[in-house]
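S.K.: After the sequence you'll find the predicted model.
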Amino acid sequence: MMAAENDNKHLLEKVENSVIRAEKPNGSITENVTNDILDSDLPLDEVYKLALCFYKEKEGKAVHFSYEDKLQLVAFSQQVSHGPLVEVINKLPVLGALDVVGKDRRLAWQRLGNLTADQARSGFIDLLSRRCPPFLTYIEAHRREKKERQRRSKENEKKKVIEEQEKIRKEKELKLIQEQKEKEEAIRRQIQQALNEQTFDQFKRYAEQQFPGDPEKQGALIRQLQDQHYIQYMQQLQSVQQKPSIVNEDDLNNSPESKKSKSEWVDSNEVNESGHHIPDNAVLPASMWTRQDIEAFKQAVSEAEGDGVVRVGHGETVTVRVPTHANASRLFWEFATDHYDIGFGIYFEYGTPSSSQVSVHVSESDDEDLDEIEDEIYEEDTVPKSIESGTVRSTESNMSKPIVTEVVPVYRRDCHNEVYAGSHEYPGVGVYLLKFDNSYSVWRSKTLYYRVYYTQ
C-alpha cells in the first residue's frame, strides 16, 4: 500500500513539473519545445492537432511511450477538450473500484488545475517532442507541404490575374482591330465606288463588244473587270507608299506623258489601230499553289512524250510559248527542278498566233528572247492590242510588235523542294510566255520538268 502511494506521489511531481514547464504567457509554445517547432510558422492549435494525430497513429506501432507519459498526454488532451477537471467532475461517470488506470488518469488531469487550453496544448507538444524526436520531422514535412500549397495558391491567383488582364487586353485589341477594319471597309467602299464610276462607261463598251445582246453576261463581266481594276489600283497604291520615288520633279513635269491629257491617255490605251477595245486591268491575277509529290511528278513528266524535260544552262532563260486554244478558257501549268531553284514568271502576248503548238526558246536574256521570236509566231495581219496596266514591251516607234503584259512577276522559286503549279483565265487571244530564268546562275545549269494543259 505504501509502495503504490509513493508511485502516485512520484507521478504527481512529474505532472506538476510538466505543468510548470508548459505555463507561458500569451498561450505560445514553451521554451522547452524544440526550436524546429518554434520556427515552423504554424499556429499552436494546428501544431497541437498534428501532435494529437501523430500520437494516435504512432503510439504502440512506431513509437512506444511509458505509462507515466501516456497518463500525462491523456491529461493534457482532456484539459484541452473539457477544461479543468473540477468544472466537469459532476458530469463524468463514477469510476469502478478496480479501475486503476481510470483513477490514475483522473489524478493526472486533476493535477493540471486551472491550466488554460493553450497551455495544455503546449504541454502536450512539449512532452511529445521530447519523447519522440521523429515528431519534429513530421511537423517540418507538414510545414513544407503547407508552404508549397500556399505558394501554388499564390501562383494560381497571380496567374488568374495575369490571364484576366491578358483577356481584357486582347478584347481591347480585338475591338480596336474591328473598328479599324470597319473604317478601312468604309474607305474601301468609297474608293471602289469612285473607281467604278470612272471606269463604268469604258468597261460597258468592252462588255457590249464581248457579249452583244446579253445584258446578264455583260453585267457579270463589268463587275469582274471593276473588281480586278480595284485590286490592281490598291496594289499600285501600296507599292507607291512603300517605295519612295526617285524621279526628279522637273523631269516628271517635262516628260511627254505628263503633257498628255487624261482623255488622250485613255484613248491611246483603250483603242488600238484596228479598233479593238481592251480595258484597263483586264488581266486577272493567276492562282498558284504547291504540291509535295515532286518525285512522282518528275517521273511522270520524264516518261511522258514531248519536251517536258529541259536543260536550262547557266546564264540562260528558257521561254515556253503556249498559244491560247479556241476551245479553252484557262491555262494550267506545273513545274519542278532538280537540286536547285530557278526564276519563274508569266507574261501574255496579245495577238492571233499563227501556230497552235507549244514551243521552247532558249536565250541569254529575257529581252533577247522577245526580240528573236515575237515576229515568228504571229500572222502578218495581226494588230497588237495594248493594256494600260500591263508591262508593255512595244514602243511608239514600233507599233507592229505584240503587246506583252505581266501575269506573274519573275521570282526565284524553291521548285527543287516541291512542285509549283498554277492556273490563269485567258485575258484574250494570244500566247502565254512561261519564263524560266537561270540568268542569275554563273556556274550551275538546271534540269526543268514542266507540264501545261488547257481547261474550259
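M.R.: Arrived safely, thanks for sending. The structure displayed is predicted, hence computed values, not measured ones.
S.K.: which element follows the lowest-mean-pLDDT helix or strand in the chain toward the C-terminus?
M.R.: Least confident helix or strand, the chain: helix 262-270 with a mean of 40, by mean pLDDT, DSSP states H and E. Going down the chain from helix 262-270, the next helix or strand is strand 287-291, by DSSP states H and E.
S.K.: Skip ahead from that following strand and say which helix or strand is next.
M.R.: Per DSSP H and E, the first helix or strand lying C-terminal to strand 287-291 is helix 294-303.
S.K.: next SSE after that next one?
M.R.: Next along from helix 294-303, by DSSP H and E: strand 309-312.
S.K.: what about stretch 159-173, distance to the chain center?
M.R.: Distance of stretch 159-173 from the chain centroid (C-alpha atoms, centre = their mean, to the nearest Å) equals 17 Å.
S.K.: nearest residue to Ser359 other than its sequence neighbours?
M.R.: Arg321 (4.8 Å; C-beta to C-beta, 6 or more residues apart in numbering). Every C-beta, even on glycine, is put in place using the N, C-alpha and C of the backbone.
S.K.: by contact count, what packs against the helix or strand harbouring the one you found?
M.R.: Assigned by DSSP H and E, Arg321 belongs to strand 317-323. Here strand 317-323 touches strand 359-363, helix 366-373, strand 430-437, strand 446-455, going by 3 or more C-beta pairs under 8 Å, 6 or more residues apart in numbering; DSSP states H and E.
S.K.: now the shortest one against strand 430-437, angle please.
M.R.: When axes from the mean of the first three to the mean of the last three C-alpha atoms, to 10 degrees is applied, the directions of strand 359-363 and strand 430-437 differ by 40 degrees.
S.K.: so what secondary structure elements neighbour the host helix or strand of Arg143?
M.R.: According to DSSP H and E, Arg143 maps onto helix 134-210. Helix 134-210 sits against helix 35-38, helix 44-58, helix 117-131, helix 215-242, with contacts defined as 3+ C-beta pairs under 8 Å, 6+ apart.
S.K.: Turn those into TSV, including mean neighbour count, distance to Tyr347 and mean pLDDT.
M.R.: Below are these laid out as TSV (neighbours: other C-beta atoms under 10 Å; distance: least, C-beta to C-beta, whole Å; pLDDT from 0 to 100):
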stretch	mean neighbour count	distance to Tyr347	mean pLDDT
helix 35-38	15	87	54
helix 44-58	17	85	87
helix 117-131	23	93	88
helix 215-242	14	16	79
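S.K.: Now render those as TSV, adding distance to Leu73.
M.R.: Listed next are the helices and strands packed on helix 134-210 as TSV, based on distance: least, C-beta to C-beta, whole Å:
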stretch	distance to Leu73
helix 35-38	16
helix 44-58	6
helix 117-131	6
helix 215-242	85
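S.K.: related to what we said a few turns ago, state the mean pLDDT of the helix holding Arg143.
M.R.: Helix 134-210 comes out with an average pLDDT of 87.
S.K.: And that helix, how far out from the chain middle?
M.R.: 12 Å.
S.K.: Test of understanding: give the bridge partners of Lys435.
M.R.: Counting by DSSP bridges, Lys435 is bridged to Thr319, Gly345.
S.K.: Right, I'll leave it there.
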